[in-house]
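Visitor: let me see the structure of the following:
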Amino acid sequence: MKKYFIILFLLLAFCGDNSEQTPQPEAISTDTTEVIVVAEEESTTTTEIVQLDSFEGTVYEILKDKSKVGYLAPKQFLNSGLETIEGVTSEIIGEFTLELSECDQSDSCLYITNLLIRVDISTLKSNNSIRDSAIKSQWLESKLFPEAVFKINELVIPNKNFDSKVEDTIVGKLSIREIELDTPFSITASLVGDEIRIQGFTEIDTTWFGFDAPTKFNAWEVLNPIGLTVDLVAKQK
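Guide: Just a heads-up that it's a prediction; the model follows:
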């Protein structure tokens, strides 16, 4: 009889433990669902696109206090991992003329003319002042060639139904170290009020512009291609 009592006691204890643990997976599942719902709501509000009225010949000027351009350089260490070095500057001046109207290629088109952006690349800053000085005086030689220029004389971008946002690849002439090359940029641009916000990215090989990627005593080397990033805000002039 004593054996039966012990077995019965163990069964009751086992069932009691299971009943206390059962609600835990449900609580975790509920919390996860709530997080997902919040994330979806936030992403929806940031991608809102509105339709605009047509306009002609509006001149926009780059606001350097709200803008920056930079580079992303993959740096490989000997027998070690890969690090991405970033350098940025806000020393930017530029402007362009923009028009939004009907066209044959799409419901509407953006017409860009006289785009000219100048960047003082001698002011590029990373998280290492020694690196910045070496780039300025040795590899990029931005002390001698301080200006990078991007220009487009005329460009048409098809735009669906006068949307306030456009994603496309544009090609302009990029000049670094006084060497000018046709260069494509993948861009996302949106018109909000009287401001245009532009984000863009491209990749270049340093040898295209007459200099080798930085390296030091076989301890590390920077790998081509180098990424170029733009984050611009322009306002009606």
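Visitor: export stretch 134-151 to CSV, keeping only CA atoms.
Guide: What follows is stretch 134-151, C-alpha atoms only, in CSV (Å, rounded to 0.1, in the frame of the first residue of the first chain):
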residue,chain,number,x,y,z
ALA,A,134,47.3,60.0,-45.3
ILE,A,135,44.4,59.9,-47.7
LYS,A,136,44.6,63.7,-48.1
SER,A,137,48.4,63.8,-48.7
GLN,A,138,49.2,60.4,-50.3
TRP,A,139,46.6,58.2,-51.9
LEU,A,140,43.6,60.4,-52.9
GLU,A,141,45.9,63.5,-52.8
SER,A,142,42.8,65.6,-52.1
LYS,A,143,45.2,68.3,-50.8
LEU,A,144,46.2,68.8,-54.5
PHE,A,145,42.8,67.9,-56.0
PRO,A,146,40.3,69.0,-53.3
GLU,A,147,37.1,69.1,-55.5
ALA,A,148,34.9,66.2,-56.7
VAL,A,149,32.2,67.3,-59.2
PHE,A,150,29.1,65.5,-60.4
LYS,A,151,27.1,67.1,-63.2
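Visitor: buried ones in that stretch?
Guide: For stretch 134-151, the buried set under the neighbour-count rule, 16 or more other CB atoms under 10 Å, comprises 135-136, 139-140, 142, 145-146, 148-151. All C-beta atoms are positioned from the backbone trio N, CA, C, and that covers glycine.
Visitor: tell me which helix or strand of this structure sits lowest on mean pLDDT?
Guide: Taking mean pLDDT, DSSP states H and E as the measure, helix 23-46 is the helix or strand of the chain with the lowest mean score, a mean of 38.
Visitor: which parts of this structure are helices?
Guide: 2-21, 23-46, 129-134 (DSSP state H).
Visitor: go ahead and confirm residue 235 touches residue 194.
Guide: Yes. In this structure, residue 235 sits in contact with residue 194. The criterion is CB atoms under 8 Å, and the distance is 5.9 Å.
Visitor: next one: residue 108 from residue 173, what distance?
Guide: 26 Å (CB to CB, to the nearest Å).
Visitor: neighbour count for the two, which is higher?
Guide: In this comparison of residue 108 against residue 173, neighbours counted by other CB atoms under 10 Å, the higher total goes to residue 108 at 19 against 13.
Visitor: and that one, what does it touch?
Guide: The contact partners of residue 108, taken as CB atoms under 8 Å, 6 or more residues apart in numbering, are 54, 100-102, 158-163.
Visitor: list only buried entries from those.
Guide: With neighbours counted using 16+ other CB under 10 Å, these contain these buried positions: 100, 159, 162-163.
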